[in-house]
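1. Just need the structure, nothing else, for what follows:
(one chain, ligands or ions: 3)
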Amino acid sequence: METATVVVAPVPVAIAPPAQHKLLELKSSFAPAAKSAPQARKAAKPAPKKKLAGGSGGYVLEDVPHLTDYLPELKSYPNPLQDHPAYSVVKQYFVNPDDTVAKKIVVHKGSARGTHFRRAGPRQRVYFQPGEVRAAIVTCGGLCPGLNTVIRELVCGLHDMYGVTSVLGIEGGYKGFYARNTVDLTPRSVNGIHKRGGTVLGTSRGGQDTGKIADSIQDRGINQVYIIGGDGTQKGAASIHDEVVRRRGIPCAVVGVPKTIDNDIAVIDRSFGFDTAVEEAQRAISAAHVEAESAENGVGVVKLMGRNSGFIAMHATLASRDVDCCLIPESPFYMEGNGGLLEFVERRLRENGHMVIVVAEGAGQDLIAKSMHFADTHDASGNKVLLDVGLWLCQKIKEHFKRKPGFPITLKYIDPTYMIRAVPSNASDNVYCTLLAHSAIHGAMAGYTGFTVAPVNGRHAYIPFYRITEKQNKVVITDRMWARVLCSTNQPCFLTHEDVEGAGQEEEEEPQLPLVEGDNALLLRSPPMCNGNGPLCSGAA
Ligand SMILES: Nc1ncnc2c1ncn2[C@@H]1O[C@H](COP(=O)(O)OP(=O)(O)O)[C@@H](O)[C@H]1O
Ligand SMILES: O=P(O)(O)OC[C@H]1O[C@](O)(COP(=O)(O)O)[C@@H](O)[C@@H]1O
Ligand SMILES: [Mg+2]
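-> Residues are numbered from 1 along each chain as shown. Ligands and ions are numbered 1, 2, ... in the order given. This is a model prediction of the structure:
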């Protein structure tokens, strides 16, 4: 495990660059800048991999890197936004540099204040002049409603707010950096693309060659790169940041914009496109319900996307109210015997004469694997290729009722697969994508790098990559939301009391400011980590 570099700051800890860089660094694991790179500047000082700052009451700022961490001599300029006619009506142009966003907002009287992230938004000083910016945008991984909106708003936002005119579109995902063409993006060329599904830049899985991507960024003189993609993409973005900024010392803002219909990205409130996908899934569920209702013992089975997380199935079920049973990867189920799915199907058909089952594609994978032998396969990005739970489920239900003469059923299987993610984003996702793009631009212009932008408890924040990639967001079956689903469908929960006890939400680990040798250890050992008075707590230390 990498040792985090700790930065201890006074309270309030979040202050605008360059003042923030007076913070005390205790330890570093920074590799030297590449000497041979033509455009690379030698990083003048080692920069921290993790930037943690302590405050009173257990407050921790998990900060994101800033270009001046690596290149302290970098020049800054007044933010042109303050002269922008549209923004002249805004009372406060800039976010308060001390603003941070709390990761946990439900707290107790005695709780530690816990993790905070830097609040997104425009800063007083920017680290790029408009004419110097050479931005690039890339979309990676599976499609998601809203990709085009984010592209459009990045191009228009850079142009309209900051006067940036050089924006490159990288075609076909990560491999496009070195194996495909680029396209110049202008406000005119992207106008109207938000009304289309997909991504005008194209996307792909696999092909993430960090060295080649870094070479391409360096050769093309790209100094802001906006990387739109899911958990895999954000891992790729982290390694690009490590290579380009940390290792080669290139002053490039590497910014992640989280995308996935699965909503499986940790920390953030929700990912864009999820809302649209849930809405689109309603059409499949309604069709299944109509078919089921119109037949004798009609069973409608709908399979929805959701590789490891059942959020789409859960929300689509709750929204629809036509669903009798929702199956998700996080909640194991069984077919046969007392309390099993087949018994429930039979009971519901006897009661109502029809039923609808919604199953997330990642559900029941262990059951299928047990009943059939398949070797695991993976896609180009390394994601496990799932077995078709929908077909398997239909087969099992049909076999069960075949063994019951006098109980004929009519089963219809609907698999909308790509239909829920290939549509254009809805109105609310469009607004969300616009805010995301703007927050991303403000962060890059302000010189931040190596971060993902997203709302945390309703406020946009800059989140370090490692926080986004360390684990996936999953439905917590001991949370009230899953209980609401069980309550609305009246389905069995398939779990024993012991299972529920064991399935409790993993207690979120609060970051520990690591102990270091010497005088510092004392301070870090005794919470609150920093009271703002000691020598190590001084911003000027
Ligand atoms: N651990 C990883 N490190 C670096 N790049 C990765 C990693 N996982 C995936 N990628 C790259 O990110 C891109 C998208 O990943 P993928 O898992 O397909 O979609 P998503 O980002 O939507 O989850 C692909 O080009 C893939 O090669
Ligand atoms: O067939 P593909 O394009 O590999 O995509 C299938 C997967 O993509 C998803 O839509 C999500 O993909 P991402 O991880 O790229 O966001 C899953 O729900 C689904 O399992
Ligand atoms: Mg993914």
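2. I'd like the distance between the one residue in the stretch 1-150 of the chain that gets nearest to ligand 3 and ligand 1.
-> For the stretch 1-150 of the chain and ligand 3, the shortest gap (C-beta to the ion) falls at G141, measuring 5.8 Å. Where C-beta positions appear, they are placed from N, C-alpha and C, glycine not excepted. Applying C-beta to the nearest ligand atom, to the nearest Å, the value for G141 to ligand 1 is 2 Å.
3. what do you get for K303?
-> For K303, the distance to ligand 1 - C-beta to the nearest ligand atom - is 19 Å.
4. and what of Q82?
-> For Q82, the distance to ligand 1 - C-beta to the nearest ligand atom - is 36 Å.
5. Tell me, how many residues neighbour the nearest residue in space to that residue that is not next to it in sequence?
-> Leaving aside its chain neighbours, Q82 sits nearest to Y93 (4.9 Å; criterion: C-beta to C-beta, 6 or more residues apart in numbering). By the measure other C-beta atoms under 10 Å, the count of residues near Y93 is 16.
6. Y93 should be in a helix, yeah?
-> No - counting by DSSP: H, G, I helix; E, B strand; the rest coil, Y93 is located in no helix; its state is coil.
7. Surely it touches N79?
-> Yes - if you go by C-beta atoms under 8 Å, Y93 and N79 touch, sitting 7.2 Å apart.
8. any shared contact partners between these two?
-> 122, 124 (C-beta atoms under 8 Å, 6 or more residues apart in numbering).
9. was I right about S488 contacting A316?
-> No - in this structure, S488 is not within contact of A316 by C-beta under 8 Å, at 11.8 Å.
10. These two: which has the busier surroundings?
-> Neighbour comparison, S488 and A316: the larger count goes to A316, with 26 against 16 (by other C-beta under 10 Å).
11. Report the secondary structure element holding the more buried one.
-> helix 311-320 (DSSP states H and E).
12. Report the mean confidence score over that helix.
-> Mean per-residue pLDDT for helix 311-320: 98.
13. Off-centre distance for that helix?
-> 19 Å (C-alpha atoms, centre = their mean, to the nearest Å).
14. For it, buried residues please.
-> 311-318, 320 (16 or more other C-beta atoms under 10 Å).
15. Check these one by one and keep those near ligand 3.
-> By C-beta under 5 Å from the ion, no member of the buried residues of helix 311-320 lies near ligand 3.
16. could those go into a markdown table alongside distance to N426?
-> Listed next are the buried residues of helix 311-320 as a markdown table, based on distance: C-beta to C-beta, whole Å:
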| residue | distance to N426 |
| --- | --- |
| F311 | 16 |
| I312 | 14 |
| A313 | 19 |
| M314 | 19 |
| H315 | 14 |
| A316 | 14 |
| T317 | 19 |
| L318 | 17 |
| S320 | 16 |
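17. Using a markdown table, please lay out those residues together with distance to ligand 1.
-> Formatted as a markdown table, these follow (distance: C-beta to the nearest ligand atom, whole Å):
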| residue | distance to ligand 1 |
| --- | --- |
| F311 | 14 |
| I312 | 14 |
| A313 | 18 |
| M314 | 20 |
| H315 | 19 |
| A316 | 20 |
| T317 | 24 |
| L318 | 25 |
| S320 | 26 |
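18. Can you tell me which residues in the stretch 51-200 of the chain are near ligand 2?
-> Contact residues (C-beta under 6 Å from any ligand atom) of the stretch 51-200 of the chain with ligand 2: 141-142.
19. ugh, typo on my part, it should be the chain
-> 141-142, 230, 260-262, 305-307, 361, 379, 421.
20. Please, a ChimeraX command that selects the buried ones among those?
-> Selection of buried members from the residues of the chain next to ligand 2 for ChimeraX, criterion 16+ other C-beta under 10 Å:
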select :141,142,230,260,261,262,305,306,307,361,421
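21. and which of the residues of the chain next to ligand 2 is nearest K175?
-> G141 (12.4 Å; C-beta to C-beta).
22. related to what we said a few turns ago, using CSV, write out every CA atom in the helix holding A316.
-> The C-alpha trace of helix 311-320 is given here as CSV (Å, rounded to 0.1, in the frame of the first residue of the first chain):
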residue,chain,number,x,y,z
PHE,A,311,-29.9,0.5,-8.8
ILE,A,312,-31.7,0.6,-12.1
ALA,A,313,-33.8,-2.5,-11.3
MET,A,314,-34.5,-1.1,-7.8
HIS,A,315,-35.5,2.4,-8.9
ALA,A,316,-37.5,1.2,-11.9
THR,A,317,-39.4,-1.2,-9.7
LEU,A,318,-40.2,1.4,-7.1
ALA,A,319,-41.2,3.9,-9.9
SER,A,320,-43.5,1.4,-11.7
